[in-house]
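# next comes the sequence, and after it the predicted model I'd like to discuss.
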Amino acid sequence: MTGPVGSGKVLSPASLAHVVLRTPNFKPMVAFHKAFLGAHASHETETLAFLTYDEEHHRVAIIAFTGCGEKVRNTAGLEHIAFTFKNLLDLTTAYSQRKARGMLPVWNVNHGPTTSIYYQDPDGNMLETQVDNFDTAEGANDYMSGGAFAENPFGVDFDPEDMIRRLQSGEPEVELKKRPNIGPRGIETFPVLPKPDVRDSYELMGVST
């Protein structure tokens, strides 16, 4: 370490470790996130679950807080959690697997830096599944500092089923990940999401009430 502690920027973390969610719908939330992420519990009780799908001991923790109210989307708070896939084939394969389990996306959009498919969990938390559209961080940074992204920082919607057909026909991923130009797009076009029905989540996950 060089220089006084109070000088320069704060030392950045090595990585983002996990997200913790509090919920009034513990059983369907745990079941949903296990199925959604292909995860398993490294530790689970009636009120606490630590879920992992890779080398980390937990990536998502879910806690049943006494007196916890339902999520209200039009208040300040976390907007969404994003999970990255290696390529479009993996992203769309996971999409098809979730669809077969009744998990349908609420928004499919090429942001420019990423191609993304969004879902809601039983509490209404937004979950983004994405693939990077650029091979390097420099490429993504250059795009995000350019005029096209300034004009439209939200992106261009797409149909995952069409994406799958184009992949199967042999169209290169690098072409599929190029964002079309549709002109300006503002926050007013952000999708208004319906409140999820927890009863549907119980039925979907096979959780007994």
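That came through, no problem.
# A helix includes Ile164, no?
Yes: Ile164 sits within a helix when classified using DSSP: H, G, I helix; E, B strand; the rest coil.
# ok, the closest residue to Lys177 other than its chain neighbours - how many residues close by?
Nearest residue to Lys177 in three dimensions, chain neighbours excluded: Asn133, at 4.2 Å (CB to CB, 6 or more residues apart in numbering). Every residue, glycine included, has its C-beta placed from N, CA and C. By other CB atoms under 10 Å, the residues close to Asn133 number 22.
# tell me the centre residue of this structure?
The residue lying closest to the centre of the chain (CA atoms, centre = their mean) is Glu128, at 1.7 Å.
# Three-state assignment for that residue, please.
Glu128 ends up strand, using three-state DSSP.
# these two touch, right, it and Thr84?
No: judged on CB atoms under 8 Å, Glu128 makes no contact with Thr84 at a distance of 9.1 Å.
# give me the buried positions along stretch 120-127.
With burial defined by 16 or more other CB atoms under 10 Å, the residues of stretch 120-127 counted as buried are 120-127.
# so of these, which ones are in strands?
In strands, defined here by DSSP state E, the members of those are 120, 126-127.
# just for the chain, where's the confidence low?
Scanning the chain for pLDDT under 70 picks out 1-4, 6, 198-209.
# mind listing the helices for this protein?
For the chain, applying DSSP state H gives helices covering 26-37, 88-100, 137-144, 147-151, 160-168, 173-176, 198-205.
# domain map for the protein?
For the chain, automatic domain parsing gives the domain ranges 17-69, 71-199.
# tell me the most buried of these?
Highest mean neighbour count of the domains of the chain: domain 17-69, a mean of 16 (counted as mean count of other CB atoms under 10 Å).
# gap between it and the chain center?
15 Å (CA atoms, centre = their mean, to the nearest Å).
# kindly report the same for stretch 170-177.
22 Å.
# just to revisit the earlier point, of the domains of the chain, which approaches Val10 most closely?
Val10 lies closest to domain 17-69 among these, at 17.2 Å (CB to CB).
# distance to Val5 added to the domains of the chain, as TSV?
Converted to TSV, the domains of the chain look like this (distance: least, CB to CB, whole Å):
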stretch	distance to Val5
domain 17-69	24
domain 71-199	28
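# pretty sure Asp123 is touching Met29, no?
Yes: the criterion here is CB under 8 Å, and Asp123 meets it with Met29 at 6.1 Å.
# joint contacts of those two?
Counting by CB atoms under 8 Å, 6 or more residues apart in numbering, the residues touching both Asp123 and Met29 are 21, 23.
# check contacts around the nearest residue to Met163 once chain neighbours are set aside.
Residue nearest to Met163 in three dimensions, not counting chain neighbours: Thr92, with 5.8 Å by CB to CB, 6+ apart. Residues near Thr92 by CB under 8 Å, 6+ apart: 160, 163-164, 167.
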